[in-house]
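return atomic coordinates for the entry below.
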Amino acid sequence: MDDKIKNKSNNSNTSNTSIDNLYRLDGRVSIQQAVPFGLQHILAMFVANIAPIFIVAGASGLTTEQSAMLIQSAMLIAGIGTLIQLFPIFRLGSGLPIVMGISFTFVSIFCYIGPVYGYNAIVGAVLIGGLIEGCLGLFARYWIKLITPIVAASVVTAIGFSLLSVGASSFGGGSGSEAFGSATNWILGSITLICCILFNIFAKSYLKQLSVLFGLVVGYIIAIFLGVVDFSALHGSAIIALPSIMPFKPEFNLNAIVSVTLIFLVSATETIGDTSALAATGLGRDATLKETSGSIACDGFISALSSVFGCLPITSFSQNVGLVAMTKVVNRFAIATGAVIMILAGVFPILGSLLATLPDAVLGGCTIMMFGNIVISGLQMISKCGYTQRNITIAALSLSVGIGFTQVPEIFDIFPHIIRTVFAENCVAVVFIVAIILNLVLPKNMEAAAASKEASK
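Coordinates of the predicted model:
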């Protein structure tokens, strides 16, 4: 009898330890516990991962078959990039639970380059721009001091605010949808959001952290009954297929390269913000130089690899940073199972097509709170920096200019096209530039400088 009680106690302790390991980077967790968390991360970003492909392919005049090939490559590259972020190779990767996917930041410039210079010029520009960003990451120690904590905190806050409209757009059914804002989308988004909240309140133990997955599953089932899930893409999907290497021969157009490289610098800024936010919210500490450097290097070099498969640049996904902020689950093995699911979706296109049937409204119901968490994380980071006059000036002015000006993009009309493309609708880039400039020009101790000036009178 005593032996049975001891065995029960030991099993309980082992189970509790395994659950606790979900909140540790390198804790050992069972595959049964890991897979749901990995799947939750992939579902949270899957639609956003393939959406840029549809937009750019359509603008560039690619065929349906070419678009399908690029989507397959996007899933494979996103999975590989995530694995390298989780488990660094040489100096590539941060070692943090960062999930990678196709970047939306480049869509506007690609929609200009594609029709003017052709999709091959996009591929060539991604190859060169990715290599440049990767090298910047490797040598980050020479310039990273420009990114002080208050600059990083301002960028993270801007990322959160920039995503709020994305979440709202998904909630309404997806930008450009004929049924945008319909009663059906409102019902789906609301039910999904309520399910996430209720599951988080009533679920026990670590299961609480699967609230997003629960909401997605319930919302998806209801969407099927409402007849808004489109399964038509499954009929033409191959069961298994290997991605093509160099399906588009790169063309190196100087205008395209310069434009895309500038956007890569913006992407690097977002990656710095995501890395800072993830370390702060998931691990309760600042990101190290090694982690930030590896994160940017992975961002660039894997984007260059993506071009080899004819695909677009990848970057860290803020959606998943928000998910970590909500759940605090940072276990690398758990998130790696999601990366493996992405790779399988790249090799088995029918799996990717099935995941792509997730309605936007269902996704919006889950992500709206995740994006709000990023805003709160940024504000917490600002608070941690301290409310000195200097920090308040940097944060307040960079956020007001960055978010305010990009709400009225016409204000940039006097600038050349490249400037408008980079900054007019990208509040993160504007916040970053303004915060960097203020950080360089403002006195290190504004209070002391003001007091000294007052005393001299």
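
pLDDT weak spots in the stretch 301-450 of the chain?
Within the stretch 301-450 of the chain, the stretches with pLDDT under 70 are 447-450.

wait, the stretch 101-250 of the chain
205-206, 233, 236-238.

could you rerun that using 80?
Counting by pLDDT under 80, the stretch 101-250 of the chain shows low-confidence ranges at 104-105, 108-109, 111, 147, 159, 163, 166, 174-177, 204-209, 230-244.

in it, which spans are helices?
107-117, 119-138, 149-171, 183-202, 211-225, 232-235 (DSSP state H, counting those that start in this stretch).

output the ones you listed as JSON lines; include the columns mean neighbour count and distance to Gly402.
Yep, even glycine has a C-beta here, placed from its N, CA and C like the rest. Listed next are those as JSON lines, based on neighbours: other C-beta atoms under 10 Å; distance: least, C-beta to C-beta, whole Å:
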{"stretch": "helix 107-117", "mean neighbour count": "19", "distance to Gly402": "17"}
{"stretch": "helix 119-138", "mean neighbour count": "23", "distance to Gly402": "21"}
{"stretch": "helix 149-171", "mean neighbour count": "24", "distance to Gly402": "6"}
{"stretch": "helix 183-202", "mean neighbour count": "18", "distance to Gly402": "28"}
{"stretch": "helix 211-225", "mean neighbour count": "20", "distance to Gly402": "28"}
{"stretch": "helix 232-235", "mean neighbour count": "11", "distance to Gly402": "38"}
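
setting the sequence-adjacent residues aside, check what's closest to Val428.
Ala158 (4.9 Å; C-beta to C-beta, 6 or more residues apart in numbering).

hang on, the earlier thing: right, and the helices of the stretch 101-250 of the chain - which one's nearest Val29?
Checking those against Val29 by C-beta to C-beta gives helix 211-225 as the closest, at 15.7 Å.

tell me what the closest one is packed against?
Helix 211-225 makes packing contacts with helix 31-59, helix 183-202, helix 318-327, helix 360-385 when contacts are defined by 3 or more C-beta pairs under 8 Å, 6 or more residues apart in numbering; DSSP states H and E.

got the contact list for it?
By C-beta atoms under 8 Å, 6 or more residues apart in numbering, the surrounding residues in contact with helix 211-225 are 36-37, 39-40, 43-44, 187-189, 191-193, 195-197, 199-200, 203, 229, 323, 326-327, 358-359, 361-363, 365-366, 370.

centre-most residue in this structure?
Phe317 (1.1 Å; C-alpha atoms, centre = their mean).

who's in contact with that one?
Met45, Ala48, Asn49, Ile98, Val99, Met100, Gly101, Asp274.

same thing with Trp143?
Here Trp143 is in contact with Leu136 (C-beta under 8 Å, 6+ apart).

distance of it from Gly300?
14 Å (C-beta to C-beta, to the nearest Å).

and Val156, by the same measure?
For Val156, the distance to Gly300 - C-beta to C-beta - is 20 Å.

returning to that earlier point: distance of the residue nearest to the centre of the chain relative to Phe202?
29 Å.

kindly report the same for Ile394.
Distance of Ile394 to Phe202, given as C-beta to C-beta: 42 Å.

same deal with Phe252?
In terms of C-beta to C-beta, Phe252 sits 57 Å off from Phe202.

contacting residues for Leu76?
Pro243, Phe309, Met342, Ile343, Gly346, Val347.

ah, wrong one, I meant Val324
Here Val324 is in contact with Pro97, Leu278, Thr281, Gly282, Val330 (C-beta under 8 Å, 6+ apart).

A strand includes the second one, no?
No: counting by DSSP: H, G, I helix; E, B strand; the rest coil, Leu278 is not part of a strand but helix.

surely it touches Pro97?
Yes: counting by C-beta atoms under 8 Å, Pro97 is a contact partner of Leu278 at 6.8 Å.

from the contacts of Val324, which is closest to Glu133?
Nearest member of those to Glu133, counting by C-beta to C-beta, is Leu278, at 18.9 Å.

run a quick neighbour tally on the closest residue in space to that closest one that isn't next to it in sequence.
The shortest distance from Leu278 to any non-neighbouring residue, by C-beta to C-beta, 6+ apart, is to Val321 (5.1 Å). Using other C-beta atoms under 10 Å, Val321 has 32 other residues around it.

how close does Val321 sit to Asp274?
To Asp274, Val321 is 5 Å away according to C-beta to C-beta.

quick check: buried residues in stretch 416-432?
Buried residues in stretch 416-432, counted by 16 or more other C-beta atoms under 10 Å: 420-432.

how far is that stretch from where the chain is centred?
Mean-position distance between stretch 416-432 and its chain equals 19 Å (C-alpha atoms, centre = their mean, to the nearest Å).

what's the answer for stretch 407-414, then?
Chain-centre distance of stretch 407-414: 26 Å, with C-alpha atoms, centre = their mean.

same thing with stretch 380-389?
Counting by C-alpha atoms, centre = their mean, stretch 380-389 comes out at 24 Å from the chain centroid.

got the CA positions of that stretch in CSV?
Presented in CSV, the C-alpha positions along stretch 380-389 are these (Å, rounded to 0.1, in the frame of the first residue of the first chain):
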residue,chain,number,x,y,z
GLN,A,380,5.7,47.8,-19.2
MET,A,381,9.1,48.1,-20.9
ILE,A,382,8.8,51.9,-21.0
SER,A,383,7.9,51.8,-17.3
LYS,A,384,10.9,49.6,-16.6
CYS,A,385,13.2,52.2,-18.3
GLY,A,386,11.9,54.9,-15.8
TYR,A,387,9.8,58.0,-16.4
THR,A,388,12.6,60.5,-16.7
GLN,A,389,12.0,63.6,-18.7
